[in-house]
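Novice: mind folding the following:
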Amino acid sequence: MNRVRILTLNAALGILDYSVPDGLHPQPGSIVEAPLGPRTILGVVWEEDRLTGDAVPDAKLRPLRAILPVPPLRAALRRLVEWTADYYCAPLAPVLRMVLASGGALGGPATTTEYRLSGGMPDRMTPQRERAIERLEGEQGSIREFGEIAGVSEGVLRGLVKQGVLEPVLVDVDRPYPRVAPDFQQPELTSAQREAAAIVDAALAQRTFQTFLLDGVTGSGKTETYFEPIATALAQGRQVLVLLPEIALTEAFLKRFAERFGVPPVLWHSSLKSSERRRAWRAIATSPAAGGAQVVVGARSALFLPYADLGLIVVDEAHEVSFKQDDGVRYNARDVAVMRGRFENIPVVLASATPALESLYMAEQGVYQRIALDTRFGGAQMPSIATIDLTQEKPGRGHWLAEPLIAAMGDRLVKGEQSLLFLNRRGYAPLTLCRNCGYRFQCPNCTAWLVEHRLSRRLACHHCGFETQPPATCPECGEPDCLVACGPGVERIADEVRERLPDARIALVTSDTLSSPGRATAFIEQAQAGAIDVIVGTQLVTKGFHFPELTLVGVVDADLGLEGGDLRAAERTYQQIAQVSGRAGRGAKAGEVLIQTRHPTAPVIAALAAGDRDAFYASETEARRHANAPPFGRWAAIIVSSEDESEARDAARAIGGARPDHPDIAILGPAPAPMSLLRGRYRYRLLLNARRSAQVQRVIREWLGELTLPRTVRVSVDIDPYSFV
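Specialist: From the prediction side, this is the model:
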């Protein structure tokens, strides 16, 4: 090759051509450094016939500077980048940036300094030094990591380094991870689990692409079931990717994984330090036979990593909305995982107790193969479910829990069993106002009320992160001590439990309180040790946790998720309540679920109470069919935003005025978005409802490509949207 075409990481630059100097031998997928003016940029060598653009004459080409010392990106990953960009109407560059997510990984070998106890003692012992020496026994790590482990300042630790109590150790940053043992512990599976695992094993043996929908009731042992195909892939010497929707679920999963395979897997998520990301990225790009990563457990971004020899993908809790990214490249990791499996020619397992309706439809059409686990593991029974009609069983003034639910919790407290209360609303109250003038506290950057968080003494916006302290007086009328909390959040529910059941030990479980893997681990250990009587939590408690003594689940407000304009509201409500109901009675003791609602006859509530999932999905399927909604039709959204309201409105009108006349596509809007101001930008939306046969992406690209809009206006496309704010 005497010239190459590279894909850069900058969407404005896009595709550039370069000459190849003597001594360099790039191939498609090679990661290279190239000159651009006085700068050096990164890019990936791409097949020239797959990237559009006029060729630059040879005489004008500048030479490449270097090929970076990492393996080239494989063809299957390059095809995934192209497909993702095409399907989600995104430039290629931001998709490629997700692949090269660790810039530090692209250099050569590197070392770092870590520390460990030398066995010596300091000249003068202090309580902080004593605690550090005690807690760091057998540990090795950086000063920062030691500070977190020992709970002391870095100054204390550096003092111990100076006195020789901590000695430096030079460590290879890219040292191999401990090896996973496929047969470390052989579990006892039910016949249904063995049969389910064997179906996936057969696809692994043939090394063919197939998507499996592992549809098992809560507590049926789906994790243990798909651990067996993981062991099979490992025995073949191949890599495995497991996607989880929440970092908070990671610690519980890691424990179960280590019990089965001997050591934890390689982690990939946004909380990793840069050195950890480098080590993981380089291990993933190395084949297991050469000491590379064997099993990777991560958030949705792990899907785009450069696996050297990927053999199996598992998407756990595959129905979860958090697999859909709502900014940048707006992709759905569940669907992209299926496409990566297709390009890699490997099996994909979608595991869920409440599959997305689209996944069930694909199984009914024979595109996916459904594998059912209809009973709980170990003889445990599904919990009984009943509704509490809040129009009849009204809680007292200023309270939110009806007497039947309080009585059931008191009964569990006497028996030494655990209860869980679910309300998907963080903080103390969703709205704070002045009782004197009615002033409502609103976010200055968003069309949203500020949520009161009493534990941290702040008013916070859950959309942009704006925070302020509650004022002593009303900003509008100046009245002191006049603020009123309206409505309940989980903090307020926890306060009510303390008032009604003063002897109960309560754990508050939200993304605020379980903000790190360490906190999640501490919560799990306390719950399993019986140190918690009542868990009050948001959607974090609906999945992944297994507490044998938890026998009661109370849904505080089942109607909450049905409010608003979310076109998938009924499905999401069913999934959340069914998932949280599945936390009850997972051990030998029977479970009970009490659902507080003002609409007990609503189809979704009635289906939950009857335990009739098929009836709900049949009703929801017909509603979707009538509305030409997914999976029978397709949705796409166009979001227009600007810091200037009139500019956003005018741009949206210009886009709406140029709409194409297509017989298979209905275009609604533009209209102000429900969240018309978000992070300081005014927003308008258009919604496309199309037949399955319509080429929506091509229509959108041609439509928007003909328009010239101000540079300060952002136009983003959301294919298959989940959020309608």
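
Novice: helix/strand/coil for Ile167?
Specialist: Actually, residue 167 is Glu rather than Ile. Classification of Glu167 using DSSP: H, G, I helix; E, B strand; the rest coil returns strand.

Novice: looking at strand pairing, list the partners for it.
Specialist: Arg116 (DSSP bridges).

Novice: and the one 4 residues further on, by the same measure?
Specialist: For Val171, the beta-bridge partners under DSSP bridges are Thr112.

Novice: what's the burial count for it?
Specialist: 16 (other Cβ atoms under 10 Å). To be clear about C-beta, it is placed using only N, CA and C from the backbone, and glycine gets the same treatment.

Novice: pLDDT on the helix or strand containing Gly341, on average?
Specialist: Following DSSP states H and E, one finds Gly341 within helix 333-344. In this model, helix 333-344 has an average pLDDT of 98.

Novice: residues in contact with that helix?
Specialist: Helix 333-344 is contacted from outside by 76-77, 79-80, 83-84, 209, 211, 243, 300, 303, 307, 310, 313, 315, 318, 323-325, 347-348, 350, 356, 359, 720, using Cβ atoms under 8 Å, 6 or more residues apart in numbering.

Novice: and the residues you listed, which of them are in helices?
Specialist: Judged by DSSP state H, those include Ala76, Leu77, Arg79, Leu80, Trp83, Thr84, Ser359 as members of helices.

Novice: output the residues you listed as TSV; include the columns neighbour count and pLDDT.
Specialist: Output for those, formatted as TSV (neighbours: other Cβ atoms under 10 Å; pLDDT from 0 to 100):
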residue	neighbour count	pLDDT
Ala76	16	98
Leu77	22	98
Arg79	16	98
Leu80	23	98
Trp83	16	98
Thr84	23	98
Ser359	24	96
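
Novice: would you reformat these as a markdown table and include distance to Val296?
Specialist: Output for the ones in helices among the contacts of helix 333-344, formatted as a markdown table (distance: Cβ to Cβ, whole Å):
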| residue | distance to Val296 |
| --- | --- |
| Ala76 | 16 |
| Leu77 | 14 |
| Arg79 | 20 |
| Leu80 | 16 |
| Trp83 | 21 |
| Thr84 | 19 |
| Ser359 | 23 |
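
Novice: and the two most separated of the residues you listed?
Specialist: Taking Cβ to Cβ as the measure, those span a maximum distance of 24.3 Å, between Leu77 and Ser359.

Novice: pretty sure Leu92 contacts Val81?
Specialist: Yes: Leu92 lies in contact with Val81 (Cβ atoms under 8 Å); the separation is 6.4 Å.

Novice: Arg500 versus Thr551, what's the distance?
Specialist: 19 Å (Cβ to Cβ, to the nearest Å).

Novice: looking at the two, which is more packed in?
Specialist: Set side by side, Thr551 and Arg500 show more neighbours around Thr551, with 24 against 17, by other Cβ under 10 Å.

Novice: in three-state terms, label the more buried one for me.
Specialist: Following three-state DSSP, we place Thr551 in the strand state.

Novice: how close does it sit to Gln539?
Specialist: Distance from Thr551 to Gln539, by Cβ to Cβ: 21 Å.

Novice: repeat for Ala110
Specialist: From Ala110 to Gln539 the distance is 40 Å (Cβ to Cβ).

Novice: and Thr447, what pLDDT?
Specialist: Thr447 carries a pLDDT score of 93 in this model.

Novice: so who does it touch?
Specialist: Pro674, Met675, Ser676, Leu677, Leu678.

Novice: wasn't the third one part of a strand?
Specialist: So the one you mean is Ser676. Yes: counting by three-state DSSP, one finds Ser676 located in a strand.

Novice: share the number of residues neighbouring it, please.
Specialist: Ser676, neighbours per other Cβ under 10 Å, totals 18.

Novice: name the nearest residue to it, sequence neighbours excluded.
Specialist: Leaving out its chain neighbours, the residue that sits closest to Ser676 by Cβ to Cβ, 6 or more residues apart in numbering is Thr447, at 4.9 Å.

Novice: quick one, phi psi at that neighbour?
Specialist: phi -80, psi 70 (degrees, to the nearest 10).

Novice: how much space separates it from Cys437?
Specialist: Per Cβ to Cβ, Thr447 is found 21 Å from Cys437.

Novice: same deal with Arg492?
Specialist: Relative to Cys437, Arg492 is positioned 23 Å away (Cβ to Cβ).

Novice: and the two? which has more neighbours close in?
Specialist: Using other Cβ under 10 Å, the more surrounded residue of Arg492 and Cys437 is Arg492, with 24 against 13.

Novice: chain center to the helix holding Gly341: distance?
Specialist: Put simply, helix 333-344 sits 16 Å off its chain's centre (Cα atoms, centre = their mean, to the nearest Å).

Novice: what comes up buried for that helix?
Specialist: Ala333, Arg334, Asp335, Val336, Ala337, Val338, Met339, Arg340, Gly341, Arg342, Phe343, Glu344 (16 or more other Cβ atoms under 10 Å).

Novice: cool, stretch 542-549 as well?
Specialist: Under the neighbour-count criterion of 16+ other Cβ under 10 Å, stretch 542-549 has Thr542, Lys543, Gly544, Phe545, His546, Phe547, Glu549 buried.

Novice: got any ranges where this structure has weak pLDDT?
Specialist: Where the chain drops to pLDDT under 70, the residues are 1, 248-249, 515-518, 564-565.

Novice: could you rerun that using 80?
Specialist: 1, 52-54, 108-109, 148, 246-252, 271, 378-380, 514-521, 542-545, 563-567 (pLDDT under 80).

Novice: quickly list the domain ranges of it.
Specialist: 3-100, 111-172, 191-378, 380-425+490-621, 427-487, 633-719 (automatic domain parsing).

Novice: ok, which of those comes nearest Ala181?
Specialist: Among the domains of the chain, the nearest to Ala181 by Cβ to Cβ is domain 191-378 (4.4 Å).

Novice: ok, the nearest residue to Thr52 once chain neighbours are set aside - how many residues close by?
Specialist: For Thr52, ignoring the flanking residues on the chain, the nearest one in space by Cβ to Cβ, 6+ apart is Ile15 at 7.8 Å. Ile15 is flanked by 17 other residues according to other Cβ under 10 Å.

Novice: for Ile15, list the residues it contacts.
Specialist: Neighbouring residues of Ile15 by Cβ under 8 Å, 6+ apart: Arg5, Ile6, Leu7, Thr8, Trp46, Leu51, Thr52, Gly53.

Novice: returning to that earlier point: can the domains of the chain go into a markdown table with extra columns for distance to Asp183?
Specialist: Shown next, in a markdown table, are the domains of the chain (distance: least, Cβ to Cβ, whole Å):
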| stretch | distance to Asp183 |
| --- | --- |
| domain 3-100 | 29 |
| domain 111-172 | 28 |
| domain 191-378 | 7 |
| domain 380-425+490-621 | 24 |
| domain 427-487 | 46 |
| domain 633-719 | 43 |
